[in-house]
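Asks: Model the following, please.
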Amino acid sequence: MLGVSRRVVSDLVAAGFVTPSRGPRNQLQFTFQDVVLLRTALQLRAAKIPPRKIVHALSRLRAELPDELPLSGIRVTALGDTIAVKTGTSQWDATTGQLLLDFEVAEIKGKVVFLDTTPGKKEAALHAAEWYDLGEQLRTSNVKGAERAYRRALELSPEPYYEAYVDLGALLCEDEGRCEDALRVFDQALALFPDDAVLHFNRAVALEGLGRLNDAVQSYERCLELNPSYADAHHNLAILRDSLGDKQGFVRHLSAYRRLNI
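Replies: Here you go, the predicted model:
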């Protein structure tokens, strides 16, 4: 689909440059970052860079970079028969590490990004949003990848990222059954957004998943203190009250739920 030869793909996999997983039929499955890197290999190949040189240069570069590949950072280009890496105003040879003198570049043949270059607040917020969007895209197809994307968004965001906290916690508890991990996420979020009804509701759901029913009741009640019209909180609390033998509480919250859904 990308036009990358099997040889180049196999060499990059063997070098550990990309690490695909195996699908149900033992087929290779690549992440979004892998696809970007493979596409770069194709663009360098189109610039008539030999496959051996592409693999050697990218593998050497990869060895000097962190494990996670953000969505923005340095640029890899073909300059004649040289694979150059550009960051800021500096250029260096990806194969030898030698600094290249500043000269005119007529056309960029390849582009990929590896690491952040100390982004400002606005740029960091943009990077965080990109990772959050990636998490949303991966949520139904790659839960582990979505988790990593959400966590990366939280790491990069210069401001508390409310949506990433909510979606990461829900992903962990609902899709992964990791309610203890989800509870930690919601508690971190509540330290930043203490009066958010949605966070208290989701925290209550995680507590239910852990069997901490009395604590869950308290979280549902706090949710309703903040938003008395939160219908799902009334519904869940009614069921919980019933399971705890509180028939009066069951009737009260079930009635509230039905009233709100008329």
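Asks: Residue 29: neighbour count?
Replies: The criterion is other CB atoms under 10 Å. On that basis, residue 29 has 12 neighbouring residues. (C-beta placed from N, C-alpha, C; glycine too.)
Asks: Same check on the one 5 residues further on?
Replies: Taking other CB under 10 Å as the neighbour definition, residue 34 ends up with a count of 20.
Asks: Using the three-state scheme, assign it.
Replies: At residue 34 the chain is in helix, as set by DSSP: H, G, I helix; E, B strand; the rest coil.
Asks: Tell me, please, where in this structure the pLDDT is lower than the cut-off.
Replies: Along the chain, segments meeting pLDDT under 70 span 1-5, 8, 12, 15-17, 32-33, 36-37, 39-43, 45-48, 58-81, 84-120.
Asks: Show me which helix runs longest in it.
Replies: When every helix of the chain is counted residue by residue (DSSP state H), the longest turns out to be helix 121-138.
Asks: Mind listing residues that contact the very next helix or strand once past that one?
Replies: On the C-terminal side of helix 121-138, the closest following helix or strand by DSSP states H and E is helix 143-156. When contacts are taken as CB atoms under 8 Å, 6 or more residues apart in numbering, the neighbours of helix 143-156 outside the stretch itself are 31-32, 68, 70, 116, 124, 127-129, 131-132, 134-136, 138-139, 161, 164-165, 167-168, 171-172, 175-176.
Asks: again, 6 Å this time
Replies: Contacts with helix 143-156, where a contact means CB atoms under 6 Å, 6 or more residues apart in numbering, come from 124, 127-128, 131-132, 134-135, 138-139, 161, 164, 168, 175.
Asks: Mind putting those residues into JSON lines with neighbour count and distance to residue 188?
Replies: JSON lines is the format used below for the contacts of helix 143-156 (neighbours: other CB atoms under 10 Å; distance: CB to CB, whole Å):
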{"residue": "124", "neighbour count": "18", "distance to residue 188": "19"}
{"residue": "127", "neighbour count": "22", "distance to residue 188": "20"}
{"residue": "128", "neighbour count": "21", "distance to residue 188": "16"}
{"residue": "131", "neighbour count": "24", "distance to residue 188": "17"}
{"residue": "132", "neighbour count": "22", "distance to residue 188": "16"}
{"residue": "134", "neighbour count": "22", "distance to residue 188": "21"}
{"residue": "135", "neighbour count": "24", "distance to residue 188": "17"}
{"residue": "138", "neighbour count": "20", "distance to residue 188": "22"}
{"residue": "139", "neighbour count": "18", "distance to residue 188": "20"}
{"residue": "161", "neighbour count": "23", "distance to residue 188": "11"}
{"residue": "164", "neighbour count": "26", "distance to residue 188": "11"}
{"residue": "168", "neighbour count": "26", "distance to residue 188": "10"}
{"residue": "175", "neighbour count": "14", "distance to residue 188": "19"}
